[in-house]
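**Student:** fold the following, please.
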Amino acid sequence: GVLTLGSKAIIHGNVATVGANLSRASGSLIDGEITGEAGDINIPDIVTPAVYAGRWVANFFWRIFQAFAVAALAVLVSLFAQRPMERAGDTLTSQPILAGGLGLLTLIVLPVLFAVLAITIILAPVSLLGLLGMGIALVFGWLVAGAVVGERIGRMLNQTWSAPLCAGIGTLA
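**Tutor:** Sure thing, here's the model as predicted:
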């Protein structure tokens with residue numbers, strides 16, 4: 001951040017900043033050296049592992065939350081758009097090379113096309129809407145793949161699950 005010293009500030013010793021700016025008023029006094037390098041500061045070794053462990057645990061639970069959120073989204077989409085998901089899933093299972101190749105080609109060509117559209121001032125909103133549609137299509141494809149995986153898991157366990165349950169379990173898996 002920023003280290004601000006007022007006009008009556010007096011520091012007896014050195015001032016070391018790491019990733020911060022030093023802002024001094026004209027009357028401030030620093031009785032020592034001013035350094036801004038990380039090598040001049042000794043950080044205790046006890047603090048560092050605790051901080052890293054806390055970040056790791058937080059990242060782990062954040063990823064778990066994201067997985068359940070995407071699975072819940074798969075259930076909702078399957079409830080409201082079951083027929084389109086079934087058609088896309090049938091295409092994915094019957095022609096995986098063609099479907100995957102077309103999807104990969106779309107991921108390569110459409111961003112270039114939208115960038116060209118964005119260069120023109122008039123078509124910039126169209127490119128933004130196109131990018132939004134491409135993102136929705138990408139998420140839909142992910143959810144369809146999850147539904148296919150869920151159906152296969154159900155068949156493997158000799159279970160007959162509803163389409164939303166298959167989509168949720170497959171996407172979570």
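
**Student:** C-alpha from now on. contacts and neighbour counts both.
**Tutor:** Fine.

**Student:** all helices of the chain, in order?
**Tutor:** 47-80, 82-94, 96-119, 124-156, 163-172 (DSSP state H).

**Student:** and stretch 87-99, average pLDDT?
**Tutor:** The average pLDDT for stretch 87-99 rounds to 93.

**Student:** if I look at Val148, how far off is Leu76?
**Tutor:** 16 Å (CA to CA, to the nearest Å).

**Student:** spatially nearest residue to the residue sitting furthest away from the middle of the chain (excluding sequence neighbours)?
**Tutor:** Farthest-out residue of the chain from its mean C-alpha position, per CA atoms, centre = their mean: Gly27, at 47.2 Å. The shortest distance from Gly27 to any residue other than its chain neighbours is 4.1 Å, reached at Ser7 (CA to CA, 6 or more residues apart in numbering).

**Student:** just to revisit the earlier point, can you pull the contacts of the residue farthest from the centre of the chain?
**Tutor:** Taking CA atoms under 8 Å, 6 or more residues apart in numbering, we find Gly27 in contact with 6-9.

**Student:** which phi and psi does the residue nearest to Gly27 have?
**Tutor:** phi -70, psi -20 (degrees, to the nearest 10).

**Student:** neighbours around it, how many?
**Tutor:** Ser7: 12 surrounding residues under other CA atoms under 10 Å.

**Student:** tell me the bridge partners for Asp31.
**Tutor:** For Asp31, the beta-bridge partners under DSSP bridges are His12.

**Student:** and it, what does it touch?
**Tutor:** If you count contacts by CA under 8 Å, 6+ apart, then Asp31 has 10-14 around it.

**Student:** Phe114: which of the residues you listed is nearest?
**Tutor:** Asn14 (53.8 Å; CA to CA).

**Student:** and the closest one, how far from Ser28?
**Tutor:** 14 Å.

**Student:** okay, now Leu128: neighbour count?
**Tutor:** As a burial measure, Leu128 scores 15 neighbours (other CA under 10 Å).

**Student:** check Ile34 too.
**Tutor:** Counted by other CA under 10 Å, the residues lying close to Ile34 total 13.

**Student:** of Val148 and Leu76, who's got more company?
**Tutor:** The neighbour comparison of Val148 against Leu76 (other CA under 10 Å) goes to Val148, with 23 against 15.

**Student:** could you find the closest non-adjacent residue to the more buried one?
**Tutor:** Nearest one to Val148, counting by CA to CA, 6+ apart, is Gly89 at 6.0 Å.

**Student:** does that neighbour touch Ala145 like I think?
**Tutor:** Yes - using CA atoms under 8 Å, Gly89 is in contact with Ala145, at 6.9 Å.
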